[in-house]
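> Structure, please.
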Amino acid sequence: MAYATLADLQARTSTANLTRLTTTLGDAPALDQVAVGLALADASAEADSYISRRTPVPLPMVPQALVVAVCAIALYELYTRTDGAVPPEEVKDRALAARKWLRDVAEGTVNLGLSPVAPTAPADASSARFGGPGYDRLGGAAFTWRGR
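As a prediction, the model looks like this:
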């Protein structure tokens, strides 16, 4: 599932630029929607490879930050699809920032803003183990709450 559309990409760069990037040398200038769709699908698959470390994919809703990241990566890939093509620094920097953001999502330092899924109770609630923030690695409370 692509997390961004042609319209999303056109909102971030001109149609003329997309036409230039997708026109094969020697052909009449025309926007190759298949090439754009492939770049968006590839960028979305790359995003899934990071996101899947934290949440099931494909996502039920697409956060705007993810649309921006996918578009940045797809645009970079469109620039570099020709051997020896060098994208502008701004395009390169945005793609690098998008990939860093996706790594941060994978590491859990950035939140996608999706509603968390309510955990299900184990069949035998007495065997439930606690852990995560606020608990030490043996399951005991690592800190205590103080009243006012």
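> worst-scoring helix or strand of this protein, pLDDT-wise?
Least confident helix or strand of the chain, by mean pLDDT, DSSP states H and E, is helix 15-22 with a mean of 94.
> contacting residues around the helix or strand hosting Ser44?
Ser44 is located in helix 33-51, with elements delineated by DSSP states H and E. For helix 33-51, contacts defined as Cβ atoms under 8 Å, 6 or more residues apart in numbering pick out 1-6, 9, 18, 21-22, 57-59, 66, 69-71, 73-75, 77-78, 81, 99, 102-103, 105-106, 112. Any C-beta I mention is one placed from the backbone N, CA and C, and that applies to glycine too.
> just checking, what packs against the least confident helix or strand of the chain?
Counting contacts by 3 or more Cβ pairs under 8 Å, 6 or more residues apart in numbering; DSSP states H and E, helix 15-22 packs against helix 33-51, helix 64-79.
> Using CSV, list the CA coordinates for the last one.
I take that to be helix 64-79. Extracted as CSV, the C-alpha positions of helix 64-79 are listed here (Å, rounded to 0.1, in the frame of the first residue of the first chain):
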residue,chain,number,x,y,z
GLN,A,64,0.8,13.4,7.6
ALA,A,65,4.4,13.1,8.7
LEU,A,66,4.6,9.7,6.9
VAL,A,67,3.2,11.2,3.7
VAL,A,68,6.0,13.9,3.8
ALA,A,69,8.7,11.2,4.5
VAL,A,70,7.5,8.9,1.7
CYS,A,71,7.3,11.8,-0.8
ALA,A,72,10.8,13.0,0.1
ILE,A,73,12.2,9.5,-0.5
ALA,A,74,10.2,8.9,-3.7
LEU,A,75,11.4,12.3,-5.1
TYR,A,76,15.0,11.4,-4.3
GLU,A,77,14.6,8.0,-6.0
LEU,A,78,13.1,9.7,-9.1
TYR,A,79,16.1,12.0,-9.3
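> Looking at the helix or strand following it now, give me its mean pLDDT.
Downstream of helix 64-79, the next assigned helix or strand under DSSP H and E is helix 89-107. Helix 89-107 comes out with an average pLDDT of 97.
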